[in-house]
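Engineer: here is the input, now give the coordinates:
(2 chains)
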Amino acid sequence: MRLSKIFVPTLKETPSDAAIPSHILMLRAGLMRQLTAGVYAFLPLGYRAMRKVMRILREEMDAIGGQEFHFPALNPESLWIQTNRRNIPNLILSIKERDLVLAPTHEEVVGWLAAMHIQSYKDLPQLWYQIQTKFRNEPRPRSGVLRGRQFIMKDSYSLDATQDGLDLQYEAHAEAYKRIFTRSGLKFFVVGASSGAMGGTGSQEFMVESETGEDTVAICSQCSYAANIEIAKSALPGVGRVSENPALAEIATPNVRTIDALAAFLDAPLERLAKSVVYRHDGKPVLALLVGNDQLNETKLSAALGGGDVRPMDASELKSLTGADGGSIGPVNLKGFKIVADLRLKGANGLISGANRNDMHLKNIDFDRDVQLDGYHDLRTVESDEPCVQCAGALRVTHAIEIGHIFKLGTKYSEALNATVLDENGQSKPIIMGSYGIGVERIVACHIEQNHDQHGIVWDKAIAPFQVHLIAASMNSKETVLTANQLYRMLAEGGLEVLFDDRASVSAGFKFKDADLLGMPFQVIVGERGLKEKKIEVKRRATGERTMVLFDDVLTTLRTFLAS
RNA sequence: CGGGGCGUGGCGCAGCCUGGCUAGCGCGCUUGGUUCGGGACCAAGAGGCCGCGAGUUCGAAUCUCGCCGCCCCGACCA
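Structural biologist: You can find the predicted model right below:
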């Protein structure tokens, strides 16, 4: 492609809307433009990079037996009512004139199609996938393309008659995803994740570490353990028992509201303080107890209670239920609450907690003796430097961007949609489903987050819009123009993807700056400086390293570089 | 949805507090000339419902009210 002909509006200055490197560079390098919040137009260069990613996706999905579909983005609203997903908050954009919705994902359509045509266990397994635009009612789009209202997703769906079949397809996806992200030039890791509102029995997320990431993950510094903070297991030991075990006693704690203030006021160790956190679980009051300053993990709490909605109780509700305010709540003689405690408190005694009267606490609490508990669970959020649950090495807690997510869905959607098969015994069984997703724009954006410098993007050759950026340094030297044109033809005929900066109105310096901004892996520079010695300059974008080669050797040199 | 910021030629911004001359600067764009290996220079130009709507005023980019849009933090997150 000649740069004089292709639409690549580069920007010298940073657009005011962009705050993170990938967003800034995707705008500056002319890959895309924003139409409205969370919605982007991809320009030729940006779309070429996306197509490179999509090609990798197709190759790897085909390699594990995937069949490519194209499902409709417009869905009847009724289909989503059937699976009870129509009213999930912030999920679905709808078209009111026709009772249609814009599909945010495609379990429903897959289930509909399977219900219609998959009749027998002999029709399974199936692996269906597509690469398609998705729509979501994001309350706050942000970070450029990392969280949009419209985006392209590779989504696949496995259909199996048996749990073993699902496990196989799930594993095949996990391996395919690793190949996809490796081929895309990303440094990534895999974490165990919460299935959340998707339901199902297991899920893993593919993550790219980044300060701008919205997810928090715990990674072991010693072994392979890595998990989303929502489910990362705590390995901190229990606080155990103290030898003295006197009877309960009230202590006055005037105006003490926080755990730290209580520890200071009583001169007590945090380990002997049982913190109360009050929630509603599907509307019903729940008290969760934690050690000292441990932070409650809401995902774990929900799981401990058998799933469902958990949310903090309002201060006014709390007062009317207990007669006390937050800060003075405790588990002893608390009526009307389900009470769960963190594992660290199992069988502990000598504890201090609220007395359910303002400005009063209880001491010498023995959980075995004094508290009617509904169970111990891992409820706390892990923190940096804690021991890993697998190897006791130090955990590191960091931020990450989710680039892929795989789920073992089970039968939730097939049951809702009556997608069943007859098994060997003629019994009707719901199809066992898995679903697997990769955000295409996120791969491109994360790649730029990981591969850029002060001058611009540094593309990996696998997803670079072009492999080679050919520059004619000065367009008023006949020899330069002639040589550059010959090279352009030669490289293109040699099968390389070449972007040729043949602009006549732009200075050499300007072209060099643009080339570094656009970031193709190799720059080939034709100029009088090199031609004096009958040489062409080849520059490697990532390192800035330059090699002078003879005209006839340019193609083979580039092929060697690109193969390495 | 809560908090904060912003909205002025294509892009980046100043002006607004303290109302008033022809709305200004840099980049980009057009034309001509000189340059020509790290975002060249000179000259002459084009391009503005100052987000939208009400109001206050002799007079509003500037003050008041309402609305819309965009960004950031938080909440939320199949």
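
Engineer: so which residue is dead centre in chain A?
Structural biologist: Central residue of chain A (CA atoms, centre = their mean): residue A:402, 1.3 Å from the mean position.

Engineer: do you know how far that residue is from residue A:168?
Structural biologist: Counting by CB to CB, to the nearest Å, the gap from residue A:402 to residue A:168 is 24 Å. (Each C-beta comes from the backbone N, C-alpha and C, glycine too.)

Engineer: and what of residue A:59?
Structural biologist: Going from residue A:59 to residue A:168 by CB to CB gives 20 Å.

Engineer: compare those two (neighbour count), which wins?
Structural biologist: Legend: neighbour count by other CB atoms under 10 Å for residue A:59 and residue A:168, higher for residue A:168 (16 against 13).

Engineer: for that one, what are its contacts?
Structural biologist: A:125, A:160 (CB atoms under 8 Å, 6 or more residues apart in numbering).

Engineer: go on, the one 4 residues further on?
Structural biologist: By CB under 8 Å, 6+ apart, the contact list for residue A:172 reads A:64, A:65.

Engineer: list the buried residues for the helix or strand it falls within?
Structural biologist: For residue A:172, the enclosing helix or strand under DSSP states H and E is helix A:163-183. Buried residues in helix A:163-183, counting neighbours by 16 or more other CB atoms under 10 Å, are found at A:165-170, A:172-173, A:176-177, A:180-181, A:183.

Engineer: next one: it to chain centre, how far?
Structural biologist: Helix A:163-183 has its C-alpha centroid displaced from the chain centroid by 17 Å (CA atoms, centre = their mean, to the nearest Å).

Engineer: in the stretch 251-400 of chain A, which residue sits nearest RNA strand B?
Structural biologist: Nearest residue of the stretch 251-400 of chain A to RNA strand B: residue A:298, at 6.9 Å (CB to the nearest atom of the strand).

Engineer: need the residues that contact the helix or strand of chain A with the lowest mean pLDDT.
Structural biologist: Within chain A, no helix or strand scores below helix A:315-322, which has a mean of 83 by mean pLDDT, DSSP states H and E. The contact list for helix A:315-322 (CB under 8 Å, 6+ apart) reads A:278, A:280, A:285, A:313, A:324, A:325, A:326, A:329, A:334, A:336, A:337, A:356.

Engineer: also stretch A:505-512?
Structural biologist: A:471, A:472, A:473, A:474, A:501, A:503, A:514, A:525, A:527.

Engineer: and residue A:210, what does it touch?
Structural biologist: By CB under 8 Å, 6+ apart, the neighbours of residue A:210 are A:399, A:400, A:401, A:446, A:449.

Engineer: one more pass at 6 Å, please.
Structural biologist: Applying CB atoms under 6 Å, 6 or more residues apart in numbering to residue A:210 gives the contacts A:401, A:449.

Engineer: now swap in the one 10 residues further on and tell me
Structural biologist: Contact analysis of residue A:220 by CB under 6 Å, 6+ apart lists A:388, A:393, A:395.

Engineer: among those, who's most crowded?
Structural biologist: residue A:395 (27 neighbours).

Engineer: which residues touch that residue?
Structural biologist: Residues near residue A:395 by CB under 6 Å, 6+ apart: A:218, A:220, A:386, A:388.

Engineer: re earlier: could you point out the helix or strand that follows the helix holding residue A:172?
Structural biologist: Next along from helix A:163-183, by DSSP H and E: strand A:189-192.

Engineer: so which bits of that following strand are buried?
Structural biologist: A:190, A:191, A:192.

Engineer: equivalent analysis for stretch A:536-545, please.
Structural biologist: Across stretch A:536-545, burial judged by 16+ other CB under 10 Å covers A:536, A:537, A:538, A:539, A:541.

Engineer: same question for stretch A:402-418.
Structural biologist: Buried, per 16+ other CB under 10 Å, within stretch A:402-418: A:402-414, A:416-417.

Engineer: format the CA atom coordinates belonging to it as PDB.
Structural biologist: The C-alpha coordinates for stretch A:402-418 follow below in PDB (Å, rounded to 0.1, in the frame of the first residue of the first chain):
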ATOM      1  CA  GLU A 402      -9.200  -9.800  30.900                       C
ATOM      2  CA  ILE A 403      -8.600 -10.900  27.300                       C
ATOM      3  CA  GLY A 404     -10.300 -14.200  27.300                       C
ATOM      4  CA  HIS A 405     -12.700 -16.200  29.500                       C
ATOM      5  CA  ILE A 406     -13.800 -19.800  29.400                       C
ATOM      6  CA  PHE A 407     -16.800 -21.300  31.200                       C
ATOM      7  CA  LYS A 408     -18.100 -24.700  31.900                       C
ATOM      8  CA  LEU A 409     -21.700 -23.700  31.700                       C
ATOM      9  CA  GLY A 410     -23.400 -27.000  32.300                       C
ATOM     10  CA  THR A 411     -27.100 -27.200  31.600                       C
ATOM     11  CA  LYS A 412     -28.400 -23.800  32.700                       C
ATOM     12  CA  TYR A 413     -29.200 -22.500  29.200                       C
ATOM     13  CA  SER A 414     -30.000 -25.800  27.500                       C
ATOM     14  CA  GLU A 415     -32.600 -26.500  30.200                       C
ATOM     15  CA  ALA A 416     -34.100 -23.000  29.900                       C
ATOM     16  CA  LEU A 417     -34.300 -23.400  26.100                       C
ATOM     17  CA  ASN A 418     -35.300 -27.100  26.000                       C
END
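
Engineer: starting at the chain centroid, how far to that stretch?
Structural biologist: Averaging C-alpha positions (CA atoms, centre = their mean) puts stretch A:402-418 17 Å from its chain's average.

Engineer: what's that stretch in contact with?
Structural biologist: By CB under 6 Å, 6+ apart, stretch A:402-418 touches A:82-83, A:107, A:111, A:115, A:166, A:170, A:173, A:177, A:198-206, A:208, A:215, A:430-438, A:442-443, A:446.

Engineer: can you tell if it touches RNA strand B?
Structural biologist: Yes - under the criterion of CB under 7 Å from any atom of the strand, stretch A:402-418 makes contact with RNA strand B via A:405, A:407.

Engineer: next one: stretch A:455-475
Structural biologist: Yes - if you take CB under 7 Å from any atom of the strand as the test, stretch A:455-475 does meet RNA strand B, through A:455, A:473, A:474, A:475.

Engineer: mind checking which of those residues are buried?
Structural biologist: Counted by 16+ other CB under 10 Å, those give A:473, A:474, A:475 as buried.

Engineer: now, which of the contacts of stretch A:505-512 sits nearest RNA strand B?
Structural biologist: Nearest to RNA strand B, judged by CB to the nearest atom of the strand, of these is residue A:527 at 2.2 Å.
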